[in-house]
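Asks: Attaching a predicted model along with its sequence, questions to come.
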Amino acid sequence: MLIQVVRWAGLVCAALLAIHVILTIGNANPDNGITQFVASVADPLALGFQDLFTPEDPQLAVLLNYGIAALFWLIITSIARRILVALR
């Protein structure tokens, strides 16, 4: 059960970060409630990756930084899942 929770937690975190990237690159209305909610959830999930790269283009910055954060979540939860499977 814990293995599935870890897996799904990582997928949900990565998905929220990816949705934030898509909404930003797609020029979604920043005043929309959904866009604001996703942005407010994505910031803490980025875990310090928000300003890792600082290119001139703000959309590129979101793509790089939040994209790396999404990959980080997938990799970390995959490693945690493998460890839990090995301990089972």
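Replies: Good, I have the coordinates.
Asks: hmm, who's touching the helix or strand harbouring G10?
Replies: G10 is part of helix 2-25, with elements assigned from DSSP states H and E. Contacts of helix 2-25 with the rest of the structure, by CB atoms under 8 Å, 6 or more residues apart in numbering, involve 34-35, 38-39, 41-42, 45-46, 59, 62-63, 66-67, 69-71, 73-74, 76-78, 80-81, 84-85, 88. Where you see a C-beta, it was placed from the backbone N, CA and C, and this is true even at glycine.
Asks: again with stretch 26-35
Replies: Contacts of stretch 26-35 (CB under 8 Å, 6+ apart): L23, Q36, A39.
Asks: Mind doing that once more with 7 Å?
Replies: Contacts with stretch 26-35, where a contact means CB atoms under 7 Å, 6 or more residues apart in numbering, come from L23.
Asks: In it, which residues are buried?
Replies: By neighbour count on 16 or more other CB atoms under 10 Å, the buried set for stretch 26-35 is A28, T35.
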